[in-house]
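Enquirer: This is the structure alone, sequence omitted:
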């Protein structure tokens, strides 16, 4: 019979779970982002304090989410998806209209964007569906997964919010991809998307069509629709190797660069910190992405692997789309630069995803703890 020290037994009742490597990458990005936001806001401390408050709140949610067992996320994935779907329908009928878009529900105390729920509910639900049977999925599972994906995406596009719709498609599509698809099927899907693109064009709003046209030729309307991307490219190009120095960017400080603290914050960073600063940022992003893939690779079950892969892929697409659009390589779709841009609902969703990622990694320790207690 093995005797267990009472103090040691007490320690096994509860344990704080956090992934130090992932936390390091997130904190490094948060510190870098706060410095850039301070410059983008022209040194407005009230603005920076609001950003830091949201950042601290989001990181608190991340730490709490990391303590939740992975089984809970699996169990509540479908109810969360249905709640998100109900809220999206609520936006359609009762949503607040702002800047020509109907995306928010106003609860008096706070304003909430329900489409953010789908960035996590979508991959969790599809992962729950596909992990119920052996992988790769069969055709019936794929058909159900695509139906689960397309219904909320259609509601989000209708708001309209093309940027969030793309991110939701990526989060759900990443689960399907990581579940194991043949290259023949992947090629077929890409071909269908290409064929349907001319039809989808007619369903876009006028301003969305104009954004796509400006992507091809922004100089055709330099003082109108093409102004944002032209000023952004000037800011990025003028940074050179070492940049103009913190708070010395002419495009930012003279207000030539619009939305400098949100969608175009990368342009501020590139102008003031140059190629060296951009390289540091990309290195930190690569560190976080590689850590996410590591967690996905060593996850204990199919649900954890699919969920971790989807969260990491979504984070990568966040970075890819934002940097691509402010550099003129992609159309402007209104996607913030993760952790660097001024925070909001998207920041909370992002940190919650990282919390789930840490929870997936902690399953090794939880199972070891349960085995020890038994």
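Expert: Great, that's in hand. This one's a predicted model, so the numbers in the text were calculated from it and none came from an experiment.

Enquirer: so where do the strands sit in the protein?
Expert: Taking DSSP state E as the criterion, the chain carries its strands at 96-98, 101-106, 111-112.

Enquirer: strand partners of the shortest one, parallel vs antiparallel please.
Expert: What it means is strand 111-112. strand 101-106 (antiparallel) (DSSP bridges).

Enquirer: From the rest of the structure, what touches the partner strand?
Expert: 87, 90-92, 94-96, 98, 111-115, 159-161, 164 (C-beta atoms under 8 Å, 6 or more residues apart in numbering). For the C-beta atoms, the positions are set from N, CA and C on the backbone; glycine is no exception.

Enquirer: Could you tell me which residues within that strand count as buried?
Expert: The neighbour-count check on strand 101-106 (16 or more other C-beta atoms under 10 Å) flags 102-105 as buried.

Enquirer: could I get those residues as a markdown table with distance to residue 218 and pLDDT?
Expert: Output for the buried residues of strand 101-106, formatted as a markdown table (distance: C-beta to C-beta, whole Å; pLDDT from 0 to 100):
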| residue | distance to residue 218 | pLDDT |
| --- | --- | --- |
| 102 | 28 | 75 |
| 103 | 26 | 79 |
| 104 | 29 | 78 |
| 105 | 35 | 79 |
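
Enquirer: Can you lay out the strands of the chain as a markdown table showing distance to residue 247?
Expert: Output for the strands of the chain, formatted as a markdown table (distance: least, C-beta to C-beta, whole Å):
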| stretch | distance to residue 247 |
| --- | --- |
| strand 96-98 | 31 |
| strand 101-106 | 33 |
| strand 111-112 | 31 |
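
Enquirer: Can you tell me how far residue 152 is from residue 164?
Expert: Going from residue 152 to residue 164 by C-beta to C-beta, to the nearest Å gives 10 Å.

Enquirer: shared neighbours, these two?
Expert: 115, 118.

Enquirer: Neighbours of residue 241, how many?
Expert: 9 (other C-beta atoms under 10 Å).

Enquirer: Isn't it up against residue 277?
Expert: No: Residue 241 is not in contact with residue 277 according to C-beta atoms under 8 Å; the separation is 9.9 Å.

Enquirer: got the buried residues for stretch 141-161?
Expert: Under 16+ other C-beta under 10 Å, the buried positions of stretch 141-161 are 141-142, 145, 148-149, 152-153, 155-157, 159-161.

Enquirer: List the contacts of that stretch.
Expert: Stretch 141-161 is contacted from outside by 81, 84-85, 88-89, 91-92, 95, 101-103, 115, 118, 122, 125-126, 129-130, 133, 137, 164-165, 168-169, 172-173, 175-176, 203, 205, 208, 334, using C-beta under 8 Å, 6+ apart.

Enquirer: which one is residue 126 nearest to, not counting chain neighbours?
Expert: Nearest residue to residue 126, sequence neighbours excluded (C-beta to C-beta, 6 or more residues apart in numbering): residue 175, at 4.4 Å.

Enquirer: Go through the buried residues of strand 101-106 and say which is closest to residue 44.
Expert: Nearest to residue 44 out of the buried residues of strand 101-106 is residue 104 (C-beta to C-beta; 24.3 Å).

Enquirer: Would you mind giving the domain segments of this protein?
Expert: For the chain, automatic domain parsing gives the domain ranges 21-67+205-361, 73-204.

Enquirer: Dump those into a markdown table; add distance to residue 15 as well.
Expert: Listed next are the domains of the chain as a markdown table, based on distance: least, C-beta to C-beta, whole Å:
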| stretch | distance to residue 15 |
| --- | --- |
| domain 21-67+205-361 | 9 |
| domain 73-204 | 18 |
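
Enquirer: Show me which pair in the buried residues of stretch 141-161 is furthest apart.
Expert: Checking those with C-beta to C-beta, the most distant pair is 141 and 160, at 30.2 Å.

Enquirer: residue boundaries of the helices in the stretch 201-350 of the chain?
Expert: Remark: helices assigned in the stretch 201-350 of the chain by DSSP state H, counting those that start in this stretch are 206-216, 227-238, 250-253, 265-297, 302-326, 345-373.

Enquirer: between those helices, which one is nearest to residue 45?
Expert: For residue 45, the closest of these is helix 250-253, at 16.4 Å, according to C-beta to C-beta.

Enquirer: picking up where we left off before, would you turn the buried residues of strand 101-106 into CSV with distance to residue 314?
Expert: Converted to CSV, the buried residues of strand 101-106 look like this (distance: C-beta to C-beta, whole Å):
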residue, distance to residue 314
102, 24
103, 19
104, 21
105, 23
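
Enquirer: nearest to residue 187, of the residues you listed?
Expert: So of the buried residues of strand 101-106, ranked by how close each gets to residue 187 (C-beta to C-beta), first place is residue 103, at 34.3 Å.

Enquirer: Flag the shaky bits of the stretch 101-250 of the chain, pLDDT-wise.
Expert: Within the stretch 101-250 of the chain, the stretches with pLDDT under 70 are 108-110, 202-203, 205, 207-208, 213-217, 219-221, 223-225.

Enquirer: if we can go back for a sec, please identify the deepest-packed of the domains of the chain.
Expert: Of all those, domain 21-67+205-361 has the most neighbours on average by mean count of other C-beta atoms under 10 Å, namely a mean of 19.

Enquirer: first to last residue in that domain, what's the distance?
Expert: By C-alpha to C-alpha, to the nearest Å, the extent of domain 21-67+205-361 from end to end equals 11 Å.

Enquirer: any idea how far residue 344 lies from residue 260?
Expert: Noted for residue 344: a distance of 16 Å to residue 260, by C-beta to C-beta.

Enquirer: Now for the closest residue to residue 114 other than its chain neighbours: which residues touch it?
Expert: Counting by C-beta to C-beta, 6+ apart, residue 114 lies nearest to residue 87, which is 3.5 Å off, once chain neighbours are set aside. Residues near residue 87 by C-beta under 8 Å, 6+ apart: 105, 112, 114, 117.
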